[in-house]
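Asks: Based on what follows, work out the 3D shape:
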Amino acid sequence: MRDRQWLVASFFLAVAVASGNSQAQTFTTLYDFGATADGTNGTFPNCLIVGTDGSLYGIAAGGGTNGYGTAFKLTTEGTFTLLHTFCADILCPASLGEPNGFVQGTDGNLYGTASQGGANNEGGVFKLTTQGTFSTLYSFCSLTNCLDGKTPQVPLILGNNGNFYGTTTGGGSNNEGTVFQITSEGTLTTIYHIPNSLAVGQITQVPLVQGSDSNFYGMSDIGGAGGHGLVFQLTPQGTFTAIYNFCTNGVGQCADGNQPLASLIEVGGNLYGTTRQGGANGGGTVFSMPLDGLPDDSLVPIYSFCSSCLSNGNDPTAALVLGNDNNFYGTTSKGGVGSAGTVFQLTSAGTFTTLHEFCTVTNASHLCLDGSMEPDHQGAPLVQGCDGSLYGVTPQGGGNVQSLGIVYKIDMGLTGSGCPSNTPGCTYSINPTNITSAARGGADTVAVTTSNGCTWTAMSNDSFITVTSGSSGSGNGTVHYTVAANTSTSEQIGTMTIAGETFTVTESGTSSGGGCTFTLSPTSITLAAKGGSKDVSVKVKDKTCAWTAVSNDPFITITSGSSGTGPGKVVFSVPGNTNTAALMGTMTIAGQTVTVNQAAGGCTFKLSPKSGKLKSTGGTFTIKVTPNLSDCDWTAATTNSFITITAGSSGTGKGSVTYSVPANATTNVLTGLITVGGQTFNVIQAGVK
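Replies: Numbering: from 1, shown residues only. Next up, the predicted model:
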């Protein structure tokens, strides 16, 4: 058995811990959603993050003018801004509703999932700028039989490659959900189809986390060898491994905990998490285990909550957060003097402290003015602001009789440590910290220096600066960027945020009579529904003038010429339009807009032969499938027992379906059908004469 001194030496002592008073802290209701009695600013807040600008951004799962939730911005002083109202009914087709949360991408935009709405009313993925511009990136169930999944119910995570990862609760090849990757342009790739297996459990209810080994880790609150939940590893290539099974020592004897409902976090090569139930006192646990899950008994309960101990709380349903003081902070959904949950601290010395007990401040109507948690639902993790304070949400409570929820702040006197583009406890430096560029622009680099394992991100805060590579990293690294030509005679100044540090670009203006003036041809392009490839020429007199080209819509892909110096050409491609509506999108090239229009499409299929007239002897036969567009997805299925599809049950573009029919030993003619891409293929087999 592995020596467990790593646990004692590095983090917690697995001993009974004392509850006591923490250093002085102040609890403040920062925003009450009851401020709008009709809930137009949102209800049931379920997500809070700290943006790279230091502001708080959050999601309310309900309310808004349409009743499907809102997205909001909140300063740490309490100034509220409504960014977006979600919608998912006939008044707003193809929009999204009931958001699950979001994460900030390396480009500074917010990316999240919603359970309802979209083109197929099965939910989708959205992008929201911090100024409130909303777009639907992807609608689930876009593939036949929803092979791409449907109805996501947890937020996305940002991967170490700059892409996003998430899960769906339905669809996929087994109709049990999927694990997927999606880019900031909306390109979705399914990396795992969840099987209908108790050994795998229900892994789509808990957000994933990506470990320092690049693998994904998560939990299920049911299933596993003990039937009470598990911890799993999923490689980026889609290999699933259950690395720990809770409560394998018998029902009612779950000393290691059971029913985890919160995501994991990684600290120092170890995973930390919570379970809702079990443990020594029956109220849930905080536990730790090595990243690789070895040996099988490596999970250690660090703290056991008590289901009958009021002050400490019980039933933790939100992920832990590591503060910049190297202590863990979390919440419980039950317990406390007000029986509405608690906020707690767990120190590296093993001391547990209750920081706040909800619903201890009430009015004459018995409303929980300081908030109230909701039992049996996944809670939103606490976040530590750039000012060092802790921030969180409660889905209920506040001054309105409908108890619409609050955002709260706990000031513990901790110092700020920068915004969350960095790993807590790590120090960073960049070189250089500023640059002066000529009007023609160009490409350059910034070096990031930090310790191994310290993660960071880089993002541009101004449109004329583009991060071309190195948008995130771990340890020492390099950020590559380009500065577009300045066509104005005025100087322009912009910044990038790199590892929490500010990098300043000062670009000179053009001199009179010269400078970087670009001409694009054409500036508007129309393509047929079948798509294709086109190009845009970039003309400029000064051969030293730099420029960039980016696509602003996911159906437009720049295949060459994403940047250049002097005259050049941008080549882009558009796939076949499988929608029945026309598409319009744009590219930004050398600071100018190029519009791309594509005619309405739709998928139709031709089958060859048109039917199958078979002899009584049966055999194996092939149907050729030819769609009108190369991107059309199709499936083949039959409900007739004498027909077996042996190959080609699904495909994209041209393909074939192979089916077999056994010999017909009767004198009766057998009839059946195969449905291919919505077309009916009749099978008629003669009987024995």
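
Asks: Chain neighbours aside, what residue packs nearest to residue 546?
Replies: Once flanking residues are discounted, residue 546 sits nearest to residue 441: 3.8 Å by C-beta to C-beta, 6 or more residues apart in numbering. The C-beta positions use only the backbone N, C-alpha and C, and glycine is treated the same way.

Asks: who does the nearest residue to residue 337 once chain neighbours are set aside bridge with?
Replies: Leaving aside its chain neighbours, residue 337 sits nearest to residue 357 (4.8 Å; criterion: C-beta to C-beta, 6+ apart). Taking DSSP bridges as the rule, residue 357 bridges to residue 342.

Asks: what about the strands in the stretch 201-350 of the chain?
Replies: Ranges of strands within the stretch 201-350 of the chain are 209-210, 216-220, 230-234, 240-245, 265-267, 270-275, 282-290, 300-306, 321-322, 328-332, 342-346, based on DSSP state E, counting those that start in this stretch.

Asks: Closest to the centroid, which residue in the protein?
Replies: The centroid of the chain falls nearest to residue 156 when counting by C-alpha atoms, centre = their mean (1.4 Å).

Asks: Quick check: the gap between that residue and residue 63.
Replies: According to C-beta to C-beta, to the nearest Å, residue 156 and residue 63 sit 22 Å apart.

Asks: How about residue 259?
Replies: Residue 259 is 29 Å from residue 63, by C-beta to C-beta.

Asks: So for these two, which sits in the more crowded spot?
Replies: residue 63 (25 against 21; other C-beta atoms under 10 Å).

Asks: Find the residue ranges of the stretch 201-350 of the chain scoring beneath the pLDDT cut-off.
Replies: 249-253, 294-297, 310, 348-349 (pLDDT under 70).

Asks: Then the stretch 1-150 of the chain?
Replies: The low-confidence ranges in the stretch 1-150 of the chain, as defined by pLDDT under 70, are 1-24.

Asks: And the helices in it?
Replies: Under the criterion DSSP state H, counting those that start in this stretch, the stretch 1-150 of the chain contains helices at 5-10.

Asks: Got the domain ranges for this protein?
Replies: With automatic domain parsing as the criterion, the domains of the chain are listed as 13-411, 429-507, 519-598, 605-685.

Asks: just those domains: most buried one?
Replies: Of all the domains of the chain, domain 13-411 has the most neighbours on average by mean count of other C-beta atoms under 10 Å, namely a mean of 20.

Asks: Pull the distance from it to the chain's centre.
Replies: 12 Å (C-alpha atoms, centre = their mean, to the nearest Å).

Asks: just to revisit the earlier point, residue contacts, the residue nearest to the centre of the chain?
Replies: The contact partners of residue 156, taken as C-beta atoms under 8 Å, 6 or more residues apart in numbering, are 101, 102, 103, 111, 112, 113, 125, 164, 165, 166, 182.

Asks: go on, residue 304?
Replies: For residue 304, the contacting residues are 279, 280, 281, 283, 284, 285, by C-beta under 8 Å, 6+ apart.

Asks: right, and the strands of the stretch 201-350 of the chain - which one's nearest residue 463?
Replies: Closest approach to residue 463 among the strands of the stretch 201-350 of the chain is made by strand 209-210 (29.4 Å; C-beta to C-beta).

Asks: quick one: residue 163 and residue 353, what's the gap?
Replies: Using C-beta to C-beta, residue 163 is found at 38 Å from residue 353.

Asks: Equivalent analysis for residue 584, please.
Replies: 57 Å.

Asks: now swap in residue 273 and tell me
Replies: For residue 273, the distance to residue 353 equals 20 Å [C-beta to C-beta].

Asks: Repeat that for residue 298.
Replies: Residue 298 sits 27 Å away from residue 353, going by C-beta to C-beta.
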